[in-house]
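Peer 1: Just a sequence and a predicted model for now, questions to come.
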Amino acid sequence: MIRLEPMAEARFREFWEATIARYADENVAAGRWEQPGALARSRAEHERLLPKGLATPDEYLRDILDAASGERVGEVWYSHRSEDGPKQIWIFWLGIDPTHRRHGYAEAALAAVEGEARRLGSDRVGLHVFAANTGARALYEKVGFVTTNLVMWKEARR
């Protein structure tokens, strides 16, 4: 149904700016960051994660292509790294273009990334999803992801 292809430099530049803005907006919407400074904070985080852009070791930025037509339907960014334990795949971003949603592409991309995990010798795939993204959460649960922790807070009453 799909194939993952390395992202070209021109696509990466588009992706880079869009994902920095998106991550800033998501963190502001979730109440984690204040709007002033959010874009700079997001950019700093991305620069830390991808200091060499597409050439950053153990980082995989892939366009998701429809296998039959070759049309690009989305992108995925994942890493093969170890934070505090065995190496695992960590998905930083999975996005399907709006006109291609609800056709099974995201599920197929997750299966492909899981195959990459096995190929790279990892037996785990992890990701973070914002609580308000109920559609993504439902998809991840459908394909077998389980919640490992929750962060909660309550606004203090004045």
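Peer 2: That came through, no problem. Numbering: from 1, shown residues only.
Peer 1: can you pull out the helices in the chain?
Peer 2: 9-29, 38-49, 105-119, 134-142 (DSSP state H).
Peer 1: winner for burial among these?
Peer 2: helix 105-119 (a mean of 18; mean count of other Cβ atoms under 10 Å). Glycine gets a C-beta too; all of them are placed from N, C-alpha and C.
Peer 1: hang on, isn't residue 64 packed against residue 70?
Peer 2: No - assessed by Cβ atoms under 8 Å, residue 64 is found out of contact with residue 70, at 11.4 Å.
Peer 1: more neighbours, the two?
Peer 2: Taking other Cβ atoms under 10 Å, residue 64 and residue 70 do not tie; residue 64 has more neighbours (25 against 9).
Peer 1: Contacts only, for the more buried one.
Peer 2: By Cβ atoms under 8 Å, 6 or more residues apart in numbering, the residues touching residue 64 are 2-4, 72-76, 96, 105, 109.
Peer 1: got it, and residue 31?
Peer 2: Listed by Cβ under 8 Å, 6+ apart, the contact partners of residue 31 are residue 153.
Peer 1: How much space separates it from residue 126?
Peer 2: Separation of residue 31 from residue 126 (Cβ to Cβ, to the nearest Å): 23 Å.
Peer 1: repeat for residue 1
Peer 2: Taking Cβ to Cβ, one finds residue 1 at 23 Å from residue 126.
Peer 1: Right, I'll call it a day here.
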